[in-house]
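K.L.:
quick one: sequence plus predicted model below, questions after.
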Amino acid sequence: MSFEDYFANSTELLSETTITEQKSRPVNIHGILWPILFTVLIIVANFLSLVAFCIEKRLRTYNNYFIINLTILDFITGLFLIPVVVHTHIGYYPFSQDICKVTSAIQSGILNASNLAVVVICADRHRATYDPINHFMSRSKRMAVIRNLIPWTVSGVFWFLYITIPEFIIDFDNGRHCIRWYTLRTLPGIIPFISLFYLPFTIIAVLYFRIAAKIQATLGGRSVEKQFVLKDANNGKITAELPHDDMTSAVSTATINVDLSSDNLDQGLEMKNGNAANSRKKTTMKRETATEMRKATRTLLFIVIAFVVSWLPQSIISLIYSIEPVLVVPGLPRPARLFFGWMTYLNSLLNPISYAVSQPLFRSTIFNMFLCRRK
C-alpha cells in the first residue's frame, strides 16, 4: 500500500483501508459507532448554542458576537464530518474527484476560519486590555460582524487558491481517498499546518501572554496603591481611590489636602465621595464593566486551552510526517493515527462546553431549554 493510503492528512487519516480490505472483513460496529456519536455531539452542542443565542437577547452582546461566529463555524465543521464518517466506514471517498477538489477547500477553509476566529477574539481582548476607553467607544455589533468576516474571507480565499485551483489546473488525480496535491510534497505539506495551527497558535500565545501580563501588573499595582493610601493618611492627606470598571485599567487616585484635626475633615470626605461618584459614572460610560471583562477573559482562556489541546498532537505528527514519513507510518498504529486525526475536531465540541462553563447566563439558558421553561 502506498504511503498516501497510510497517511495523507487529518481527513485522509480517517479512511486508510482499501476497498478490498473493507469488503473482506466484518463490519466493525464500534469503529463506526464512535465517529457517529462524536459527530452528532458536535452538531447538537453547537446547534443548542445557536438556539440559546437566538432566544436569550441578553446573550447577544458585543463580546458574544465573536462567540456566535465561532459557534457557526463549529456547527458547519460538524456537518462536514458526515461525509468523513461515511468515508471512514466504506473505506473510500464516495463522491467524484471534482466534488473532492471543491469540498476539500471548503472543509479546510472552515477549520482554518475557526482557528482564526480565536485569533480575532484574542486581538479584540488585547485591545480591550491595553486601550479600554477607545475600544469601548468604537465597539458596536456592526463592527463585530465586520471583524468576524475576516476569518471567513482570509481562509476561503487561501484554501481555494491552495487546493481547488491548482488541482483543476494540473488535473490532479485525487485517488479513491480524496488525497490533496500538497500531501505528495514536503514543503507544500507543511504549509497547511502552518496556516491551520502554528501561525494562529503563535499569534494567540503572544496576545494572551500580553493580556495575562497586563492583568497581573494591574493587580500588583492595586496593592501598591493601597499602601500609599495608608501612608498619605498618616501624613495628613486623604487619598480617594476612584472606582474603576476595568480589570486592566490602572487605579486612579485623587489626593485631597485637608487638616485632619479640623472641621475640614468632613468637607474633605464629602469631596472624596462626590468625586468617587462622578468618576464611577464617567468610567462606566467609557469602558467595559469589571464583570464583562472578567467573563470575556475567562471565556477566552477556555477557548485557547481547547484549541491547543485539540490541535497540538496532530500538528506535531503531521510536521514530522511531512519531513520524514518513515518516522510516523511504521511506528504509529492505525488506531492512534485515527485518534489524533479525529482529535483536531474535538475543538468544535469543547468550544460550546467552554461557553457553558464560563458564562452563567448561557448555562442557565441551555438548562431552561431542556426543561422547556421560558422566563
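P.N.:
That came through fine. Numbering: from 1, shown residues only.
K.L.:
just give me how far the helix or strand where Cys54 lies sits from the chain centre.
P.N.:
Using DSSP states H and E, Cys54 falls within helix 29-55. Mean-position distance between helix 29-55 and its chain equals 18 Å (Cα atoms, centre = their mean, to the nearest Å).
K.L.:
what about the residue nearest the centre of the chain, distance to Ile90?
P.N.:
Centroid-nearest residue in the chain, with Cα atoms, centre = their mean: Val118, separated by 3.4 Å. Val118 sits 34 Å away from Ile90, taking Cβ to Cβ, to the nearest Å as the criterion. C-beta: built from backbone N, CA, C; applies to glycine.
K.L.:
not counting its neighbours along the chain, what's nearest Phe197?
P.N.:
Closest residue in space to Phe197, ignoring its immediate chain neighbours: Ser315 at 4.2 Å, by Cβ to Cβ, 6 or more residues apart in numbering.
K.L.:
show the pLDDT at the one you found.
P.N.:
Turning to Ser315, the model gives it a pLDDT of 84.
K.L.:
just give me the neighbour total for it.
P.N.:
By other Cβ atoms under 10 Å, the residues close to Ser315 number 20.
K.L.:
so it touches Leu199, yeah?
P.N.:
No - if you go by Cβ atoms under 8 Å, Ser315 and Leu199 don't touch, sitting 11.0 Å apart.
K.L.:
residues in contact with stretch 202-216?
P.N.:
Residues from elsewhere that reach stretch 202-216, judged by Cβ atoms under 8 Å, 6 or more residues apart in numbering: 118-119, 122-123, 125-126, 129-130, 247-248, 297, 300-301, 304, 307.
K.L.:
mean confidence for that stretch?
P.N.:
Model confidence over stretch 202-216, given as mean pLDDT, is 90.
K.L.:
any idea how far Val154 is from Val120?
P.N.:
Taking Cβ to Cβ, one finds Val154 at 10 Å from Val120.
K.L.:
ok, the two, which is more surrounded?
P.N.:
Ranked by neighbour count (other Cβ under 10 Å), Val154 and Val120 place Val120 first, with 19 against 16.
K.L.:
any idea which element the more buried one lies in?
P.N.:
Using DSSP H and E, Val120 falls within helix 97-130.
K.L.:
which elements pack onto that helix?
P.N.:
Helix 97-130 is packed against helix 62-90, helix 132-138, helix 141-159, helix 199-234, helix 290-323, helix 346-358, with contacts defined by 3 or more Cβ pairs under 8 Å, 6 or more residues apart in numbering; DSSP states H and E.
K.L.:
what residues sit buried inside the shortest one?
P.N.:
Buried residues in helix 132-138, counting neighbours by 16 or more other Cβ atoms under 10 Å, are found at Pro132, His135, Phe136.
K.L.:
distance between it and the chain's centre?
P.N.:
On the basis of Cα atoms, centre = their mean, helix 132-138 sits 22 Å off its chain's mean C-alpha point.
K.L.:
now that helix - C-alpha only, PDB.
P.N.:
Taking Å, rounded to 0.1, in the frame of the first residue of the first chain, the C-alpha atoms of helix 132-138 are listed here in PDB:
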ATOM      1  CA  PRO A 132     -10.000  50.100  27.100                       C
ATOM      2  CA  ILE A 133     -11.600  53.500  26.600                       C
ATOM      3  CA  ASN A 134     -11.100  53.700  22.800                       C
ATOM      4  CA  HIS A 135     -12.100  50.000  22.500                       C
ATOM      5  CA  PHE A 136     -15.300  50.700  24.300                       C
ATOM      6  CA  MET A 137     -16.100  53.800  22.300                       C
ATOM      7  CA  SER A 138     -15.500  52.200  19.000                       C
END
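K.L.:
give the rounded mean pLDDT of stretch 334-351.
P.N.:
84.
K.L.:
now swap in stretch 42-51 and tell me
P.N.:
Mean predicted confidence for stretch 42-51 is 94.
K.L.:
can I get the CA coordinates of that stretch in PDB?
P.N.:
Presented in PDB, the C-alpha positions along stretch 42-51 are these (Å, rounded to 0.1, in the frame of the first residue of the first chain):
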ATOM      1  CA  ILE A  42     -20.600  18.400  17.800                       C
ATOM      2  CA  ILE A  43     -23.600  19.200  15.700                       C
ATOM      3  CA  VAL A  44     -26.100  19.100  18.600                       C
ATOM      4  CA  ALA A  45     -23.900  21.100  21.000                       C
ATOM      5  CA  ASN A  46     -23.300  23.900  18.600                       C
ATOM      6  CA  PHE A  47     -26.900  23.900  17.400                       C
ATOM      7  CA  LEU A  48     -28.100  24.300  21.000                       C
ATOM      8  CA  SER A  49     -25.600  27.100  21.500                       C
ATOM      9  CA  LEU A  50     -27.000  28.900  18.400                       C
ATOM     10  CA  VAL A  51     -30.600  28.400  19.700                       C
END
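K.L.:
mind listing what's buried in stretch 146-161?
P.N.:
By neighbour count on 16+ other Cβ under 10 Å, the buried set for stretch 146-161 is Arg147, Asn148, Ile150, Pro151, Trp152, Val154, Ser155, Gly156, Phe158, Trp159, Phe160.
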